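**Student:** After the sequence you'll find the predicted model.
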Amino acid sequence: MPFGYHGRYFLIDVTHPTRVERPDLSDAILRRTLGGAGLGAHLLLEHGRPQDDACDPAQPLIFAFSPLVGSPLTTSAKFAVVGKSPLTGRINDALAGSGFAIAGKHTGADAFVIVGRVPALSVLVIDDGAVRVEPADDLAGLACADAEEKVRSRLGPGFRIASIGPAGERFVRYATISHDGRHAGRGGSGAVLGSKNIKAIAVRGNKRVEWADPKALVEISRDLSTRSFGPATEKYRELGTAANMLMFNRFGTLPTRNFQTGTFEHAVNLSPEEMKVAHGKARASCVACTIGCEHIYGVNGGQTRVEYESLFALGSLCGVGNSAKVLRAVQRCDELGLDTISTGGTIAFAMECVERGLIDERWLTFGDGDAMLRAIELIGAREGLGATLAEGSRRAAEQIGQGSLAFAPQVKGLEIPGYEPRALQTMALGFAVGSRGADHNRSGAYEADFSDAVDRRDATLASVRHAIETEDKAALMDSLILCKFLRGVFSDFHVEAAVMLRAVTGWDATADELRATAKQIVQSKREFNMRAGWTPSEDTLPDRFLNTPLPNDPAAVLTRERLTELVNEYHRQRGWRMV
Amino acid sequence: MRVEFFGVSRERAGVAERDVHACTLGELLAILAADHPSLAELLPDNRLHPALAANLNGDRFVRDPRTPLVDTDCVLLLSADAGG
């Protein structure tokens, strides 16, 4: 058995729950894919059906762990969920944190590949390597956290649960998989699990892996933990990602009213400083994390974790400046199991359709928090307008027609996160070329835009290198797995990652090897997309973002020609010859 | 010139903005470190800590302490990490 791994995965056909295969994972494969997103992409290429519907029973949904999971390295308790996205039709790899990652790996598998469909709503139980399916009629319609609690009390101690909410049961195309309040959020993995009639997955086990050099690993971990308390992570620790709200507003890069503009007159209401006063705040962290980035605000008699992306998507993007309404909207998305970015983006799109008279739903207007909350309920239930919006902004635009696709805020069908592309043009490139669509986690290109490395309003071919570097780094972090909030701690991430990997696996890994591995992982995602029908024309942005200056910042304009040049250069530097 | 603080720099400085007179970025950072002791850790030797970024007038990001400043400038201090 290799150090750091079990050297196998579980191939589970839930149609026949006792049919479980345990194929080996060779050292060569593990070294080439590492784990997490990389291993998931490899297994998807092996078992996926790129041409078939994402919710076809034969499609796999993959839960991939990593060599660092279960180690004392801070932020390492994360897992990846990989599959074909029902929202984009392209590869989707979503990450979530906390105990499910550790317990999942303790079952004795480096990954679960789940195929098939159970006849009725069920819980998939993986107990120290033994697999069974249990009925879950009593869990139908439950919020994610409630389902988790009920399964835990049913099964007994030691189990960690990942679940879907009502949105996943109804195949909302951007439904999430939730664990302990964290979400494998983007791309609709929850709908895929729902299509298999699986409400929850419960994992428990005692099978631990061995580390090549435990003493070195403990020292590395101690040092990393110490550094994780420093200034590099202070933003996340003290304010959370919500700190972006005022900063982005000042720079005119805060997407507002469906990306009509980049400043929001009520941004201050959604700042962490104001929300702490208005709603009270607590902090929490994932299992095995020393940063503690989770900021939890009081709402509706309870509380909710909130990130910048949720605040923008359900706040400025929908024109809603009432923090109580926004927090309640975040809470409902969490309960229903909905990706907040896609929810907000799709609702904002619908609001603009109403504004333009393209759809007759006059109750849904920008700035109306109650209307936004009503829309969320309709989406979760797939009722009325919600049936259209549950399909995502791209499909909604295709249905509505009348030129609405021009302002549907999506790339490849995935709604755009809270970074205004016209004013952050390296990020614009990152959005356009991303394998799972517009994504700020798979592309960290905004790092260049918020530095002296580029002119954020005038991306040149020199910007392409930055987009590639941050994309590669993200792929590596998502495969090792380490939280990206840790990245500022490293003076040379690849060198330090090689040292960590060596201590865990015993491999003589080097920084150069890891750079090459990252590129190979990005390539494998592209390979799946090509098999699924990707064409170069998908690597672009909606018309709204091209050739038209940002109203609040006339210098922020991205021409179609410039974006095309950047994308072509990206493909060239990647070594991808476009036919 | 006006200095605007965002995020952690605002928390540490205790103010959202203030006026300062300085001829270079380094001089500005020295004044801020002296006036706001909690901020000093992020302004070692009159330079920006890697976790901190400075932007001039909402346009370009600057790090060189020799960067000249004029009284009509606005310097924004923010986290170097814009992760959301």
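**Tutor:** Here it is on my side, so go on. Residues are numbered from 1 along each chain as shown, chains lettered A, B, ... in the order given.
**Student:** Which residue is the nearest non-sequential neighbour of residue 66?
**Tutor:** In the absence of a named chain, this looks at chain A. Leaving out its chain neighbours, the residue that sits closest to residue A:66 by CB to CB, 6 or more residues apart in numbering or on different chains is residue A:35, at 3.1 Å. From N, CA and C alone the C-beta is placed, and that goes for glycine too.
**Student:** meant chain B, my bad for not saying
**Tutor:** residue B:24 (5.7 Å).
**Student:** pLDDT value on the residue nearest to residue A:66, please?
**Tutor:** Looking at residue A:35, its pLDDT stands at 98.
**Student:** One more: the one 10 residues further on?
**Tutor:** Among the per-residue scores, residue A:45 shows a pLDDT of 98.
**Student:** Would you agree the residue nearest to residue B:66 is in contact with residue B:70?
**Tutor:** No: counting by CB atoms under 8 Å, residue B:24 does not reach residue B:70; the two are 10.6 Å apart.
**Student:** More neighbours: these two, which one.
**Tutor:** Remark: of residue B:24 and residue B:70, residue B:24 carries more neighbours, 15 against 8, as counted by other CB atoms under 10 Å in any protein chain shown.
**Student:** in the sheet, who's paired with the more buried one?
**Tutor:** residue B:68 (DSSP bridges).
**Student:** Please, where are all the strands along the stretch 101-250 of chain A?
**Tutor:** Per DSSP state E, counting those that start in this stretch, the stretch 101-250 of chain A carries strands over the ranges A:111-115, A:122-127, A:130-135, A:160-163, A:177-179, A:182-184, A:198-204.
**Student:** For chain B, tell me whether stretch A:212-232 is touching it.
**Tutor:** Yes: against chain B, stretch A:212-232 shows contacts by CB under 8 Å from any CB of the partner chain at A:230-232.
**Student:** in that stretch, what's buried?
**Tutor:** A:212, A:217, A:220-221, A:224-225, A:227-228, A:231-232 (16 or more other CB atoms under 10 Å in any protein chain shown).
**Student:** and the two most separated of the residues you listed?
**Tutor:** A:212 and A:231 (32.2 Å; CB to CB).
**Student:** Residue 81: what secondary structure?
**Tutor:** Here I'm looking at chain A. strand (DSSP: H, G, I helix; E, B strand; the rest coil).
**Student:** oops, chain B please
**Tutor:** coil.
**Student:** Quick check, pLDDT for the closest residue to it other than its chain neighbours.
**Tutor:** Distance criterion CB to CB, 6+ apart; nearest residue to residue B:81, sequence neighbours excluded, is residue A:488 at 5.2 Å. For residue A:488, the pLDDT comes out at 90.
**Student:** pretty sure residue A:488 is touching residue A:233, no?
**Tutor:** Yes: taking contacts as CB under 8 Å, residue A:488 lies within contact range of residue A:233: 6.7 Å.
**Student:** what's around residue 63, how many residues?
**Tutor:** You didn't say which chain, so I picked chain A. Neighbours of residue A:63 (other CB under 10 Å): 30.
**Student:** Chain B was what I was after
**Tutor:** Residue B:63 has 15 neighbouring residues, counting by other CB under 10 Å.
**Student:** Also residue A:55?
**Tutor:** 20.
**Student:** Now for it: which residues touch it?
**Tutor:** A:86, A:171, A:191-192, A:195 (CB atoms under 8 Å, 6 or more residues apart in numbering or on different chains).
**Student:** Over to residue A:173?
**Tutor:** A:86-87, A:188, A:191, A:342, A:390-392, A:395.
**Student:** What is the nearest of the residues you listed to chain B?
**Tutor:** residue A:342 (15.1 Å; CB to the nearest CB).
**Student:** Excluding chain neighbours, give the residue nearest to that closest one in space.
**Tutor:** Of all residues not flanking residue A:342 in the chain, residue A:174 sits nearest, at 3.6 Å (CB to CB, 6+ apart).
**Student:** Would you confirm that the one you found contacts residue A:338?
**Tutor:** Yes: judged on CB under 8 Å, residue A:174 makes contact with residue A:338 at a distance of 6.4 Å.
**Student:** anything in contact with each of the two?
**Tutor:** residue A:167.
**Student:** Of the two, which one has the most company?
**Tutor:** For residue A:174 versus residue A:338, the count of surrounding residues by other CB under 10 Å is larger for residue A:174: 36 against 31.
**Student:** quick revisit: what's the closest of the strands of the stretch 101-250 of chain A to chain B?
**Tutor:** That would be strand A:182-184 among the strands of the stretch 101-250 of chain A, by CB to the nearest CB, at 14.9 Å.
**Student:** Neighbours of residue A:527, how many?
**Tutor:** 18.
**Student:** hang on, it in a helix?
**Tutor:** Yes: assessed with three-state DSSP, residue A:527 lies in a helix.
**Student:** For chain B, see how far away it is.
**Tutor:** 28 Å (CB to the nearest CB, to the nearest Å).
**Student:** May I have the beta-bridge partners of the residue nearest the centre of chain B?
**Tutor:** Nearest residue to the geometric centre of chain B (CA atoms, centre = their mean): residue B:77, 4.2 Å. Judged by DSSP bridges, the bridge partners of residue B:77 are residue B:5, residue B:54.
**Student:** Contacts only, for it.
**Tutor:** B:3-6, B:9, B:32, B:52-54.
**Student:** repeat for residue A:452
**Tutor:** Contacts of residue A:452 by CB under 8 Å, 6+ apart are B:60-63.
**Student:** Checking residue A:371 next. Helix, strand or coil?
**Tutor:** Once three-state DSSP is applied, residue A:371 turns out helix.
**Student:** What is the burial count for it?
**Tutor:** 22.
**Student:** what sits against it?
**Tutor:** Applying CB under 8 Å, 6+ apart, the residues contacting residue A:371 are A:363-365.
**Student:** hmm, try it at 6 Å
**Tutor:** A:363-364 (CB atoms under 6 Å, 6 or more residues apart in numbering or on different chains).
**Student:** Which pLDDT value goes with it?
**Tutor:** 98.
**Student:** next one: residue A:129
**Tutor:** For residue A:129, pLDDT reads 88.
**Student:** ranges for the strands of chain B?
**Tutor:** Ranges of strands in chain B, per DSSP state E, are B:2-5, B:17-19, B:52-56, B:60-62, B:74-79.
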